[in-house]
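>>> Model the following, please.
(one chain, ligands or ions: 1)
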Amino acid sequence: MAKKKDSVIDKVVSLCKRRGFVFQSSEIYGGLGSCWDYGPYGIELKNNLQDLWWREMTQLHDNIVGLDAAILMHPRVWEASGHVSGFVDPLVDCKQCKARFKAQDLVDGWRDKKKLDGLADGDIPPESEGDLETLKLIRWGEAVCPNCGTRESLTEPRLFNLMFKTFMGPVEEAASVTYLRPETAQGIYVNYQNVMNTARLKIPFGIAQVGKAFRNEITPGNFIFRTREFEQMEMQFFVKPGDDEAWLEKWRDERFASYLKLGIKKEKLRIHEHSEKELAHYAKAAYDIEYEFPFGWQELEGIHNRTDFDLKRHTEFSGKDLSYFVEQTREKFTPYIIETSAGLNRTMLVVLVDAYDEDVQDGEPRTVLRLHPKIAPTKVGIFSLVKKSGLPEIADKIAQDLRPVCAVFTDHQGSIGRRYRRMDEIGTPWGVTVDHQTLEDQSVTLRDRDTLAQERVNISDLPKIIREKLAE
Ligand code: ATP
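Residues are numbered from 1 along each chain as shown. The predicted structure is shown next:
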C-alpha cells in the first residue's frame, strides 16, 4: 500500500519532465540540488495559479492592494524581524558519511524507534524541544549515525542560519553583507505606510505580494514541495488590536474555501491549529491549511496572527514611528497583522498530485490530469482527423479564432487516440476534432476530458461555448 502511494509522486515527476512542466535545474551539468525549472506547461499552470490568487486577493476585495518589493533589503530588516538570530536550526554532521541532520529530527527519530542507539534513557529529552540547551543533554559523540550506522561519528549540534548570505558591491566584507529574503512579508511591513498613504487606505486593509523567497533548507526534497528557492503568495492584513482574532478566523475560512474552488478534493484538505509549542516567535495564534500528500499531511499555507510584533520591532530598529492614527477618535495604535502565506510551487504540487489519475479508455490505460479548467495550461486541443482534404487548414482557422478566448494548441500528427491521450496528460479540458463531416456542415466534435462525452457543435458557436464553460 505504502509503495503504491509513494509512486504517485514519482509518476507526477516523470509526467512533469516528459510533458514539459518541470525540468531539473542545470540538468546538462548533472542538476543542482532542489532547484527546478518550469517548462512551457509548468509556467502556464504556475502563472494561472498566481493570477487566480492575485485576482481573488486584490480585484475581489476593495481594501487589498498589491506590492512588489525588492528581494534584497537592508540587513537591519532581518535583525528586526528576528531572522538573523532566530532563523536557525541546530545541525549534526556525520564525519564518516558526510550526511547532515536536523538535531531535532534525530532526537524525534530515536524517540519514535524507542531505540536509543547507545544513549542512556535519561539522555533523550522527554519533550520535543528544539533549543540547544536541551540538545546538549545528549551524548552526541557516542551516538550512531542513522545513515551509515557508524558509531561515534556525529558532531555536536551546531547552529546554522537558513538565510542565504551575499555581498552587496565588489568588496566581500562584513559591512557589505546582505541576505536573500527568506520571506516576502518584511517588504510589506517596511512599506506599509507608503502603501497606505498613497492608496488612501484605512484599517482594516491588506497588502498582497507574490515573489521569490530563499531558504537554505537542510532537508529540501519531495520534488517542488521543499526547495531552497521558491515563491510565496502572501497577504498581510492590518487590523485594529482586538479585532485580530475574528479576522484570523475569517481569513482561515476564506483561504480554505479558495482551495475547494480550485477543485482540490475536500477530504484531502484539513486545518491544523498550532499548539503553544509550535507557534513561531512572532505569532499569537496560527492555522496551517494542510494537504494529504502521498508522503503525509503537510502544510500548504499558513494563516498567522503576527500581532504587532513586526511593526513594533521595525519601529524600534529604524527609529521611525510605524503606528496608525485614527483622525476622528484621535486613537493611536500599532496595527495587528493577520498573514496568509502560501507557497506557489507547493500549491502547484498539490494541484498536480490531486489531479493525477489513471483509468482505462477503450481497453487502453490512460493518464489524465483532471485540472480545473481555470488553471489548466491549455484549455482546448484542436485536431484534424487526417492531414489532408483541407482539414488541417480548418483546424488552424478554428485555433486562430479561439486564441483571443483562451490558450489553445493544435496537433495534426499521429492517430487521434494518441493525440487525445497527450491532451489528457497535460490536463487540457476540451478537444475539438475536424473531420470529413465538417466539410459538409461546418460542425466539429467537442470532446470532454473527464466525461469523455463527444458532441457535435457548429464551428461558429465554439468561442461562445468555450467562454461559457470557462466561466462556470
Ligand atoms: P515548513 O514547516 O514546511 O518548512 P514553514 O512553516 O517554514 O514551512 P512558512 O514560513 O509559514 O512555512 O511559509 C509559508 C508557506 O511558504 C508554506 O506554507 C509553504 O507553502 C511555503 N514554503 C515555505 N518554505 C518553503 C520551501 N522551502 N519550499 C517551498 N515552499 C515553501
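>>> Could you list the residues of the stretch 301-450 of the chain in contact with the ligand?
Within the stretch 301-450 of the chain, the positions adjacent to the ligand are 301-302, 341-343, 345-346 by Cβ under 6 Å from any ligand atom. Placement of C-beta: from N, CA and C, glycine included.
>>> which one among those residues gets closest to the ligand?
Of all those, G343 has the smallest distance to the ligand: 2.4 Å, by Cβ to the nearest ligand atom.
>>> Quick check: the closest one touching E229?
No. If you go by Cβ atoms under 8 Å, G343 and E229 don't touch, sitting 11.7 Å apart.
>>> if we can go back for a sec, can you flag which of the residues of the stretch 301-450 of the chain next to the ligand belong to strands?
Those of these mapping onto strands are 301-302, 341-343, per DSSP state E.
>>> out of these, what pair is the most spread apart?
The span of those, defined through Cβ to Cβ, is set by G302 and G343 at 9.3 Å.
>>> what does the model give the closest residue in space to K95 that isn't next to it in sequence for pLDDT?
Excluding the flanking residues, the one nearest K95 by Cβ to Cβ, 6 or more residues apart in numbering is S153, at 5.0 Å. We have a pLDDT of 88 for S153.
>>> Pull the contacting residues for S153.
Shown in contact with S153 (Cβ atoms under 8 Å, 6 or more residues apart in numbering): 94-97, 145.
>>> Point me to the residue of the stretch 101-250 of the chain nearest the ligand.
Taking Cβ to the nearest ligand atom, the stretch 101-250 of the chain has F230 as its residue nearest the ligand, at 3.6 Å.
>>> now the helices for the stretch 51-200 of the chain?
Assigned by DSSP state H, counting those that start in this stretch, the stretch 51-200 of the chain shows helices spanning 75-80, 83-86, 103-113, 132-135, 185-198.
>>> Between G343 and E229, tell me which one has more neighbours.
More crowded of G343 and E229, by other Cβ atoms under 10 Å: G343, with 23 against 18.
>>> before we move on, which element is F223 in?
According to DSSP states H and E, F223 maps onto no helix or strand at all.
>>> neighbours around it, how many?
Counted with other Cβ under 10 Å, residues neighbouring F223 total 21.
>>> again with W36
Applying other Cβ under 10 Å, we find 21 residues neighbouring W36.
>>> Ramachandran angles for it?
Main-chain dihedrals, W36, degrees, to the nearest 10: phi -130, psi 150.
>>> Might one say that the residue of the stretch 101-250 of the chain closest to the ligand is in contact with V210?
No. Counting by Cβ under 8 Å, F230 sits too far from V210 to count as a contact (11.4 Å).
>>> which neighbours do these two share?
Joint contacts of F230 and V210 (Cβ under 8 Å, 6+ apart) are L344.
>>> ok so, going back, make a markdown table from the helices of the stretch 51-200 of the chain and add distance to G242 and mean neighbour count to it.
Shown next, in a markdown table, are the helices of the stretch 51-200 of the chain (distance: least, Cβ to Cβ, whole Å; neighbours: other Cβ atoms under 10 Å):
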| stretch | distance to G242 | mean neighbour count |
| --- | --- | --- |
| helix 75-80 | 24 | 18 |
| helix 83-86 | 27 | 15 |
| helix 103-113 | 36 | 17 |
| helix 132-135 | 36 | 15 |
| helix 185-198 | 19 | 18 |
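>>> got a markdown table for those, with mean pLDDT and distance to the ligand too?
As requested, the helices of the stretch 51-200 of the chain are exported to a markdown table (pLDDT from 0 to 100; distance: least, Cβ to the nearest ligand atom, whole Å):
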| stretch | mean pLDDT | distance to the ligand |
| --- | --- | --- |
| helix 75-80 | 95 | 14 |
| helix 83-86 | 84 | 11 |
| helix 103-113 | 74 | 12 |
| helix 132-135 | 70 | 19 |
| helix 185-198 | 97 | 9 |
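>>> so which of the ones you listed gets nearest V177?
Within the helices of the stretch 51-200 of the chain, the stretch nearest V177 is helix 75-80; the backing value is 6.0 Å (Cβ to Cβ).
>>> Run the chain-centre distance for the closest one.
Helix 75-80 sits 25 Å away from the centroid of its parent chain (Cα atoms, centre = their mean, to the nearest Å).
>>> same for that helix, what does it pack against?
Contacts defined by 3 or more Cβ pairs under 8 Å, 6 or more residues apart in numbering; DSSP states H and E place helix 75-80 against helix 83-86, strand 177-179, helix 185-198, helix 309-318.
>>> nearest to Y29, of those?
With Cβ to Cβ, the closest approach to Y29 among these belongs to strand 177-179: 26.4 Å.
>>> list the buried ones in that closest one?
In terms of neighbour count (16 or more other Cβ atoms under 10 Å), strand 177-179 has its buried residues at 178-179.
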